[in-house]
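**Q** Dropping a prediction and its sequence here:
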Amino acid sequence: MSTIFPREEKAEQIFDEILKNPHACERLKDTFFEAIPSAEESEGAGTDIPGTVFAAALFTAYENKDLSAFMMAVCNSSVFDLLRNSFLISIRFNDKGVENPIFLTDENGDLLSGSHQHACAKKYKMFHKLYEQQDEIPDYHMYMADGFREKHGYNEKGEIETFRISEHTGILMLFEFPESVTLEINEERSYAIIWKYLMKLQEQLPQALMYYGRRDENGVEKNTSKLGIFLLFCHFEHEMEKTVELANGIGLGCREAILAEIKALKNDPKNKTAGV
(Lines give C-alpha, C1' and ligand atoms only; values in the text may rest on other atoms or scores of the structure.)
Protein backbone atom coordinates (compact mmCIF):
# COMPACT_ATOMS: atom_id res chain seq x y z
CA MET A 1 0.00 0.00 0.00
CA SER A 2 1.44 3.36 -1.03
CA THR A 3 1.72 6.29 1.37
CA ILE A 4 -0.06 9.64 0.93
CA PHE A 5 3.19 11.51 0.42
CA PRO A 6 6.41 10.28 -1.23
CA ARG A 7 8.95 8.86 1.20
CA GLU A 8 11.66 11.33 2.16
CA GLU A 9 15.21 10.45 1.18
CA LYS A 10 17.76 9.92 3.95
CA ALA A 11 14.97 10.00 6.55
CA GLU A 12 16.84 7.65 8.91
CA GLN A 13 19.84 9.98 9.01
CA ILE A 14 17.59 12.93 9.90
CA PHE A 15 15.80 10.94 12.58
CA ASP A 16 19.07 9.73 14.12
CA GLU A 17 20.34 13.28 14.49
CA ILE A 18 17.11 14.47 16.12
CA LEU A 19 17.08 11.54 18.55
CA LYS A 20 20.57 12.49 19.73
CA ASN A 21 19.23 15.85 20.91
CA PRO A 22 16.69 15.69 23.79
CA HIS A 23 15.79 19.36 23.32
CA ALA A 24 14.95 18.74 19.66
CA CYS A 25 12.79 15.77 20.64
CA GLU A 26 10.95 17.84 23.22
CA ARG A 27 10.38 20.63 20.69
CA LEU A 28 8.96 18.10 18.21
CA LYS A 29 6.59 16.73 20.86
CA ASP A 30 5.44 20.25 21.84
CA THR A 31 4.75 21.14 18.21
CA PHE A 32 2.66 18.00 17.76
CA PHE A 33 0.45 18.62 20.78
CA GLU A 34 0.09 22.33 20.00
CA ALA A 35 -1.66 21.20 16.81
CA ILE A 36 -4.25 19.21 18.80
CA PRO A 37 -6.94 21.36 20.45
CA SER A 38 -7.16 20.84 24.24
CA ALA A 39 -4.47 18.14 24.19
CA GLU A 40 -2.77 19.68 27.22
CA GLU A 41 -5.97 19.36 29.24
CA SER A 42 -6.61 15.74 28.19
CA GLU A 43 -5.59 13.33 30.93
CA GLY A 44 -3.25 10.64 29.62
CA ALA A 45 -2.99 12.31 26.22
CA GLY A 46 0.72 11.54 25.99
CA THR A 47 1.95 15.02 26.89
CA ASP A 48 3.64 13.69 30.03
CA ILE A 49 5.99 11.25 28.28
CA PRO A 50 9.60 12.29 27.58
CA GLY A 51 10.22 13.93 24.22
CA THR A 52 12.81 11.29 23.34
CA VAL A 53 10.23 8.50 23.79
CA PHE A 54 7.68 10.43 21.73
CA ALA A 55 10.12 11.12 18.90
CA ALA A 56 11.38 7.52 18.81
CA ALA A 57 7.79 6.23 18.58
CA LEU A 58 6.98 8.71 15.82
CA PHE A 59 10.04 7.81 13.75
CA THR A 60 9.54 4.06 14.27
CA ALA A 61 5.96 4.40 13.07
CA TYR A 62 7.12 6.33 10.00
CA GLU A 63 9.89 3.91 9.10
CA ASN A 64 7.89 0.71 9.67
CA LYS A 65 4.42 2.00 8.73
CA ASP A 66 3.39 0.88 12.22
CA LEU A 67 0.55 3.09 13.45
CA SER A 68 0.28 1.33 16.81
CA ALA A 69 3.88 2.24 17.64
CA PHE A 70 2.90 5.90 17.54
CA MET A 71 -0.61 5.53 18.98
CA MET A 72 0.84 4.05 22.16
CA ALA A 73 2.94 7.19 22.65
CA VAL A 74 0.00 9.52 22.02
CA CYS A 75 -2.87 7.85 23.89
CA ASN A 76 -1.47 4.74 25.63
CA SER A 77 -3.36 2.46 23.27
CA SER A 78 -2.57 0.43 20.18
CA VAL A 79 -5.04 0.50 17.29
CA PHE A 80 -6.57 -2.75 18.53
CA ASP A 81 -6.67 -1.47 22.12
CA LEU A 82 -8.91 1.33 20.83
CA LEU A 83 -11.14 -1.12 18.97
CA ARG A 84 -11.36 -3.49 21.93
CA ASN A 85 -12.08 -0.73 24.43
CA SER A 86 -14.73 0.73 22.11
CA PHE A 87 -16.43 -2.70 22.25
CA LEU A 88 -15.89 -3.13 18.51
CA ILE A 89 -13.98 -6.41 18.70
CA SER A 90 -14.28 -9.36 21.05
CA ILE A 91 -11.58 -10.53 23.48
CA ARG A 92 -9.69 -13.79 23.12
CA PHE A 93 -9.79 -16.08 26.14
CA ASN A 94 -6.44 -15.98 27.97
CA ASP A 95 -4.83 -13.82 25.32
CA LYS A 96 -1.03 -14.09 25.25
CA GLY A 97 -1.15 -16.67 28.06
CA VAL A 98 -2.66 -14.30 30.66
CA GLU A 99 -5.74 -15.72 32.39
CA ASN A 100 -8.77 -13.58 31.52
CA PRO A 101 -11.41 -13.94 32.77
CA ILE A 102 -10.56 -15.55 36.11
CA PHE A 103 -13.22 -17.95 37.43
CA LEU A 104 -14.42 -17.34 40.99
CA THR A 105 -16.88 -20.26 41.03
CA ASP A 106 -16.90 -23.85 39.81
CA GLU A 107 -19.41 -25.61 37.52
CA ASN A 108 -21.70 -26.17 40.52
CA GLY A 109 -21.89 -22.47 41.30
CA ASP A 110 -19.77 -22.77 44.46
CA LEU A 111 -16.98 -20.32 45.25
CA LEU A 112 -13.55 -21.67 44.51
CA SER A 113 -10.92 -21.88 47.23
CA GLY A 114 -9.39 -18.46 47.74
CA SER A 115 -12.34 -16.60 46.22
CA HIS A 116 -14.39 -16.22 49.43
CA GLN A 117 -12.60 -13.13 50.73
CA HIS A 118 -12.45 -11.55 47.31
CA ALA A 119 -16.08 -12.05 46.24
CA CYS A 120 -18.63 -9.59 47.58
CA ALA A 121 -21.33 -11.48 49.50
CA LYS A 122 -24.12 -9.42 47.88
CA LYS A 123 -22.84 -10.09 44.37
CA TYR A 124 -22.34 -13.79 45.04
CA LYS A 125 -25.89 -14.06 46.41
CA MET A 126 -27.19 -12.45 43.22
CA PHE A 127 -25.11 -14.78 41.06
CA HIS A 128 -26.15 -17.91 42.94
CA LYS A 129 -29.84 -17.05 42.65
CA LEU A 130 -29.46 -16.70 38.87
CA TYR A 131 -27.40 -19.88 38.74
CA GLU A 132 -30.14 -21.84 40.50
CA GLN A 133 -32.82 -20.38 38.21
CA GLN A 134 -31.01 -20.91 34.91
CA ASP A 135 -32.55 -22.96 32.14
CA GLU A 136 -31.00 -26.26 31.13
CA ILE A 137 -29.01 -25.44 27.98
CA PRO A 138 -26.71 -28.01 26.33
CA ASP A 139 -22.99 -27.25 26.48
CA TYR A 140 -23.57 -24.13 28.59
CA HIS A 141 -22.22 -22.99 31.95
CA MET A 142 -22.57 -19.91 34.13
CA TYR A 143 -19.78 -18.61 36.35
CA MET A 144 -18.97 -15.67 38.57
CA ALA A 145 -15.66 -14.27 37.38
CA ASP A 146 -13.18 -11.42 37.35
CA GLY A 147 -12.04 -9.86 34.11
CA PHE A 148 -10.23 -6.86 32.70
CA ARG A 149 -9.43 -4.94 29.56
CA GLU A 150 -6.00 -3.59 28.71
CA LYS A 151 -4.04 -0.99 26.83
CA HIS A 152 -0.39 -0.53 25.93
CA GLY A 153 2.05 2.34 26.23
CA TYR A 154 5.70 3.27 26.78
CA ASN A 155 7.51 3.77 30.06
CA GLU A 156 10.21 6.41 30.52
CA LYS A 157 12.82 4.05 29.08
CA GLY A 158 10.84 3.65 25.87
CA GLU A 159 9.87 0.06 26.71
CA ILE A 160 6.35 -1.18 25.94
CA GLU A 161 4.19 -1.88 28.98
CA THR A 162 0.75 -3.46 29.30
CA PHE A 163 -1.73 -1.75 31.61
CA ARG A 164 -4.88 -3.36 32.99
CA ILE A 165 -7.92 -1.13 32.89
CA SER A 166 -11.57 -1.54 33.84
CA GLU A 167 -10.98 -4.48 36.18
CA HIS A 168 -14.40 -5.88 36.96
CA THR A 169 -16.43 -8.68 38.54
CA GLY A 170 -19.47 -10.12 36.83
CA ILE A 171 -21.30 -13.11 35.44
CA LEU A 172 -19.74 -15.09 32.61
CA MET A 173 -21.97 -17.22 30.40
CA LEU A 174 -19.96 -19.82 28.53
CA PHE A 175 -21.29 -21.39 25.33
CA GLU A 176 -19.23 -24.41 24.33
CA PHE A 177 -19.21 -26.22 21.01
CA PRO A 178 -19.86 -29.98 21.13
CA GLU A 179 -16.64 -31.99 21.44
CA SER A 180 -17.58 -33.86 18.27
CA VAL A 181 -17.25 -30.65 16.28
CA THR A 182 -13.95 -29.47 14.91
CA LEU A 183 -14.07 -25.80 14.10
CA GLU A 184 -12.33 -25.87 10.75
CA ILE A 185 -13.91 -22.82 9.21
CA ASN A 186 -11.31 -20.16 8.65
CA GLU A 187 -10.81 -17.27 11.05
CA GLU A 188 -12.37 -14.70 8.75
CA ARG A 189 -15.67 -16.59 8.40
CA SER A 190 -16.04 -17.36 12.09
CA TYR A 191 -15.05 -13.86 13.13
CA ALA A 192 -17.52 -12.26 10.70
CA ILE A 193 -20.29 -14.14 12.51
CA ILE A 194 -18.93 -13.26 15.96
CA TRP A 195 -18.67 -9.58 15.02
CA LYS A 196 -22.29 -9.52 13.79
CA TYR A 197 -23.50 -10.86 17.13
CA LEU A 198 -21.13 -8.61 19.07
CA MET A 199 -22.88 -5.64 17.47
CA LYS A 200 -26.25 -7.11 18.48
CA LEU A 201 -24.90 -7.43 22.02
CA GLN A 202 -23.80 -3.79 22.07
CA GLU A 203 -27.15 -2.61 20.70
CA GLN A 204 -29.09 -4.39 23.44
CA LEU A 205 -26.54 -4.50 26.27
CA PRO A 206 -23.95 -1.73 25.82
CA GLN A 207 -20.59 -2.47 27.51
CA ALA A 208 -21.20 -6.20 27.83
CA LEU A 209 -18.05 -8.10 26.82
CA MET A 210 -17.77 -10.98 24.38
CA TYR A 211 -14.98 -13.56 24.57
CA TYR A 212 -14.11 -16.26 22.07
CA GLY A 213 -11.52 -18.93 21.29
CA ARG A 214 -10.02 -21.83 23.21
CA ARG A 215 -9.62 -21.67 26.94
CA ASP A 216 -6.85 -23.46 28.82
CA GLU A 217 -8.01 -25.46 31.81
CA ASN A 218 -5.41 -26.40 34.42
CA GLY A 219 -2.71 -25.70 31.86
CA VAL A 220 -4.23 -28.08 29.31
CA GLU A 221 -5.79 -26.75 26.13
CA LYS A 222 -9.06 -28.52 25.38
CA ASN A 223 -10.15 -29.34 21.85
CA THR A 224 -13.42 -27.46 22.13
CA SER A 225 -13.73 -23.78 21.35
CA LYS A 226 -15.88 -21.50 23.45
CA LEU A 227 -17.89 -18.33 23.20
CA GLY A 228 -18.44 -16.17 26.29
CA ILE A 229 -20.56 -13.19 27.24
CA PHE A 230 -19.49 -11.27 30.33
CA LEU A 231 -22.00 -9.10 32.21
CA LEU A 232 -20.36 -6.64 34.59
CA PHE A 233 -22.10 -6.13 37.92
CA CYS A 234 -21.28 -2.43 37.83
CA HIS A 235 -23.38 -1.98 34.69
CA PHE A 236 -26.12 -4.60 34.90
CA GLU A 237 -26.74 -5.65 38.52
CA HIS A 238 -30.05 -3.76 38.81
CA GLU A 239 -31.64 -5.74 35.95
CA MET A 240 -29.40 -8.79 35.89
CA GLU A 241 -32.16 -11.39 35.45
CA LYS A 242 -33.50 -9.73 32.30
CA THR A 243 -29.96 -9.03 31.11
CA VAL A 244 -28.94 -12.70 31.41
CA GLU A 245 -31.97 -13.70 29.34
CA LEU A 246 -31.07 -11.24 26.57
CA ALA A 247 -27.40 -12.26 26.61
CA ASN A 248 -28.28 -15.95 26.43
CA GLY A 249 -30.37 -15.34 23.34
CA ILE A 250 -27.49 -13.57 21.61
CA GLY A 251 -24.90 -16.15 22.68
CA LEU A 252 -27.02 -19.10 21.57
CA GLY A 253 -27.80 -17.36 18.28
CA CYS A 254 -24.10 -16.81 17.61
CA ARG A 255 -23.23 -20.42 18.41
CA GLU A 256 -25.99 -21.74 16.14
CA ALA A 257 -24.89 -19.44 13.32
CA ILE A 258 -21.32 -20.77 13.53
CA LEU A 259 -22.52 -24.38 13.65
CA ALA A 260 -24.73 -23.74 10.62
CA GLU A 261 -21.73 -22.34 8.77
CA ILE A 262 -19.69 -25.44 9.63
CA LYS A 263 -22.50 -27.70 8.41
CA ALA A 264 -22.79 -25.75 5.15
CA LEU A 265 -19.05 -26.02 4.54
CA LYS A 266 -19.09 -29.73 5.33
CA ASN A 267 -21.79 -30.31 2.72
CA ASP A 268 -20.04 -28.17 0.12
CA PRO A 269 -18.30 -30.52 -2.33
CA LYS A 270 -15.81 -27.79 -3.17
CA ASN A 271 -14.57 -27.71 0.40
CA LYS A 272 -12.35 -30.73 1.04
CA THR A 273 -11.00 -29.58 4.38
CA ALA A 274 -14.20 -29.01 6.37
CA GLY A 275 -15.48 -31.79 8.54
CA VAL A 276 -16.52 -32.95 11.93
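**A** Now that the structure is in, tell me what you want to look at.

**Q** Next up, identify which helix or strand the residue lying closest to Gln207 once chain neighbours are set aside is on.
**A** Using C-beta to C-beta, 6 or more residues apart in numbering and skipping the chain neighbours, the partner closest in space to Gln207 is His235 (5.2 Å). C-beta: built from backbone N, CA, C; applies to glycine. Element membership of His235 [criterion: DSSP states H and E] is helix 233-236.

**Q** Can you tell me what sits against that helix?
**A** 123, 126, 168-171, 205-208, 240, 243 (C-beta atoms under 8 Å, 6 or more residues apart in numbering).

**Q** Please flag which of the residues you listed sit within strands.
**A** 168-171 (DSSP state E).

**Q** Please give the number of neighbouring residues around Asn248.
**A** 18 (other C-beta atoms under 10 Å).

**Q** Now do Gly275, the pLDDT please.
**A** With respect to pLDDT, Gly275 scores 42.

**Q** got it, and Met199?
**A** Met199 is given a pLDDT of 96.

**Q** in the helix or strand where it lies, what's buried?
**A** Here Met199, judged by DSSP H and E, is contained in helix 187-204. By neighbour count on 16 or more other C-beta atoms under 10 Å, the buried set for helix 187-204 is 190, 193-194, 197-198, 200-202.

**Q** Tell me how far the residue positioned nearest the centre of the chain lies from Leu82.
**A** For the chain, Ile91 is the residue whose C-alpha lies nearest the centre (C-alpha atoms, centre = their mean; 3.3 Å). Taking C-beta to C-beta, to the nearest Å as the measure, Ile91 falls 14 Å from Leu82.

**Q** Spell out, range by range, the strands that occur in the protein.
**A** Counting by DSSP E, the strands of the chain are 91-92, 102-103, 140-154, 160-176, 209-213, 216-217, 220-221, 226-232.

**Q** Turn those into CSV, columns for mean pLDDT.
**A** Converted to CSV, these look like this (pLDDT from 0 to 100):
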stretch, mean pLDDT
strand 91-92, 90
strand 102-103, 92
strand 140-154, 92
strand 160-176, 92
strand 209-213, 91
strand 216-217, 57
strand 220-221, 53
strand 226-232, 95
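
**Q** As CSV, these with distance to Glu26 would be great.
**A** Converted to CSV, the strands of the chain look like this (distance: least, C-beta to C-beta, whole Å):
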stretch, distance to Glu26
strand 91-92, 37
strand 102-103, 41
strand 140-154, 15
strand 160-176, 21
strand 209-213, 39
strand 216-217, 45
strand 220-221, 48
strand 226-232, 40
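
**Q** Does Tyr62 touch Ile18 like I think?
**A** No: taking contacts as C-beta atoms under 8 Å, Tyr62 lies outside contact range of Ile18: 11.7 Å.

**Q** Could you list the domains of this protein?
**A** Domain segmentation of the chain under automatic domain parsing yields 11-75, 88-266.

**Q** looking at the protein, which helix or strand does the model trust least?
**A** Lowest on mean pLDDT, DSSP states H and E among the helices and strands of the chain sits strand 220-221, with a mean of 53.

**Q** So what touches the helix holding Met199?
**A** 87-90, 183, 208, 210, 212, 227, 229, 246-247, 250-251, 253-254, 257-258, 261.

**Q** Any quick ChimeraX command for the buried ones out of the residues you listed?
**A** Entered in ChimeraX, the line below selects the buried ones among those, by 16+ other C-beta under 10 Å:
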select :87,89,90,183,208,210,212,227,229,246,247,250,251,254,257,258,261
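
**Q** returning to what we had before: Ser115: which of the buried residues of helix 187-204 is nearest?
**A** Closest approach to Ser115 among these (C-beta to C-beta): Leu201, at 26.5 Å.

**Q** Check the gap between that closest one and Arg84 for me.
**A** Leu201 is 14 Å from Arg84, by C-beta to C-beta.

**Q** Residues in contact with stretch 58-68: which ones?
**A** Under C-beta under 8 Å, 6+ apart, the answer for stretch 58-68 is 3, 11-12, 15, 18-19, 28, 32, 69-70, 73, 78-80, 152.

**Q** these two touch, right, Glu156 and Asp48?
**A** No: using C-beta under 8 Å, Glu156 makes no contact with Asp48, being 9.9 Å away.
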